[in-house]
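Trainee: sequence and computational prediction follow.
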Amino acid sequence: MLIHRLRSFTEFQQHACRMKAVYEQRKSYEKELQDTSKHSRKIISFSYPAGKQVNLEVSLRTSDLSINWRESMTCPITGLNNRLRAAAHLCDSELGLLSRERIYPSEQVTPCFKWMKQRYPNLIGSEYLGDHCPLGQTNEEGTRNEDLTKLTFPSNYFDAALSFECLEHIPNFLDAFRELARVLKPDGRIMWSVPFGPNFQKNLIRASRDADGRIIHHEPPEYHGDPINSDGCLCFTHFGWEMLQQVKEAGFKDAYAVAYWSDVFGYLGVEQIIFVASKRQ
């Protein structure tokens, strides 16, 4: 897997300029795979979470038969798609997670949580259940209710935290970063992914809440899939590079982006990005 660690918009611009020819080669490679996938809908790659070579399942958009690489290429053994297989891989290479460590992922009813729980027995996950269950308690299905902006865990409790495609659904996401910093031990690590525009310095605020809690839309409403709510979940923010400085101000250090790609492991999509930081002491 080829990875690049980037810590600012300027570093990304320099990286993108240096990688321009490589990006074109990757686009050509992915186009050939896409044309083949219109017939087979399977791509052979090594699934890191499964520990073996598998036929990754791709999903074609009905509109133009193109592939959403990031959300497709699902492993038939683990049920993890492209970005989640890569996240599992990068948890080892970037965070160095150990099986004995106490880890908090901001999810619980997903294939990703199921896979992680088998590997990390001290994993404690949650979902946001609203008023259906008191915060810090579990419902009849055993799902724990937590609000990322006011977690019920003690301070300095976890060795690591993971949040994949969650923070964009929280209008006051800075409070969520502060809470994640609070519950982590000094030097505790965090990895997260969000909708991200690598060519933009500033965050795009798509929606917000006023003082009375009413939603104000600044862009056309965008809803993402939600394992708890079949109606989907409103996206409040598309993030830009300023997020890394905001994370530092929330209590973290050495926040950086990991840009990665691999044909061997099936991490396609020209170049994907996930984020890492550690808590200040």
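Mentor: Sure, I can see it.
Trainee: what ranges does the stretch 101-250 of the chain have for its strands?
Mentor: 103-105, 158-164, 184-193, 204-205, 207-209, 215-217, 223-224, 233-234, 237-238 (DSSP state E, counting those that start in this stretch).
Trainee: among those strands, which comes closest to Ser59?
Mentor: strand 223-224 (15.7 Å; Cβ to Cβ). To be clear about C-beta, it is placed using only N, CA and C from the backbone, and glycine gets the same treatment.
Trainee: quickly run through the sheet partners of the closest one, with directions.
Mentor: If you go by DSSP bridges, strand 223-224 pairs up with strand 233-234 (antiparallel).
Trainee: what lies in contact with the strand it pairs with?
Mentor: 169, 207, 215, 221-226 (Cβ atoms under 8 Å, 6 or more residues apart in numbering).
Trainee: check stretch 99-117 too.
Mentor: Here stretch 99-117 has contacts from 49, 78-80, 84, 87-88, 97, 119-127, 141, 143-144, 146, 148, 153, 157-164, 166, 180, 183, 227-228, using Cβ under 8 Å, 6+ apart.
Trainee: name the nearest residue to Gln281, ignoring sequence neighbours.
Mentor: Spatially, and ignoring its direct neighbours in sequence, Gln281 is nearest to Pro186 (4.2 Å; Cβ to Cβ, 6 or more residues apart in numbering).
Trainee: again with Arg5
Mentor: Distances taken as Cβ to Cβ, 6+ apart put Tyr256 closest to Arg5, at 5.1 Å, once the chain neighbours are dropped.
Trainee: report the contact partners of Pro221.
Mentor: Here Pro221 is in contact with 206-207, 234 (criterion: Cβ under 8 Å, 6+ apart).
Trainee: how near is it to Ser106?
Mentor: 22 Å (Cβ to Cβ, to the nearest Å).
Trainee: go on, Leu33?
Mentor: Leu33 is 32 Å from Ser106, by Cβ to Cβ.
Trainee: what of Pro121?
Mentor: For Pro121, the distance to Ser106 - Cβ to Cβ - is 19 Å.
Trainee: more neighbours: these two, which one.
Mentor: More crowded of Pro121 and Ser106, by other Cβ atoms under 10 Å: Ser106, with 23 against 11.
Trainee: next, give phi and psi for the more buried one.
Mentor: phi -80, psi 50 (degrees, to the nearest 10).
Trainee: state the distance from the nearest residue to it once chain neighbours are set aside to Arg18.
Mentor: Distances taken as Cβ to Cβ, 6+ apart place Ser163 nearest to Ser106, at 4.3 Å, with adjacent residues excluded. Remark: distance between Ser163 and Arg18 (Cβ to Cβ) = 30 Å.
Trainee: which of those two has more neighbours?
Mentor: Ser163 (21 against 10).
Trainee: wait, Ala161 sits on Leu184?
Mentor: Yes - using Cβ atoms under 8 Å, Ala161 is in contact with Leu184, at 5.9 Å.
Trainee: intersection of neighbour lists for these two?
Mentor: By Cβ under 8 Å, 6+ apart, the residues touching both Ala161 and Leu184 are Ile190.
Trainee: so where's this protein shaky on pLDDT?
Mentor: 37-40, 62-63 (pLDDT under 70).
Trainee: so which residues of it form helices?
Mentor: 9-18, 20-40, 82-90, 111-119, 173-183, 242-249 (DSSP state H).
Trainee: and of those helices, who's closest to Ser262?
Mentor: Of all the helices of the chain, helix 82-90 comes closest under Cβ to Cβ, at 8.0 Å.
Trainee: contacts for the closest one next, please.
Mentor: 1, 3, 47-49, 69-75, 78, 80, 111-112, 115-116, 162, 164, 191, 193, 258, 260, 265-269, 272, 274, 276.
Trainee: picking that back up, by neighbours, which of the contacts of strand 233-234 wins?
Mentor: Result: His169 is most packed of the contacts of strand 233-234 (other Cβ under 10 Å), 20 neighbours.
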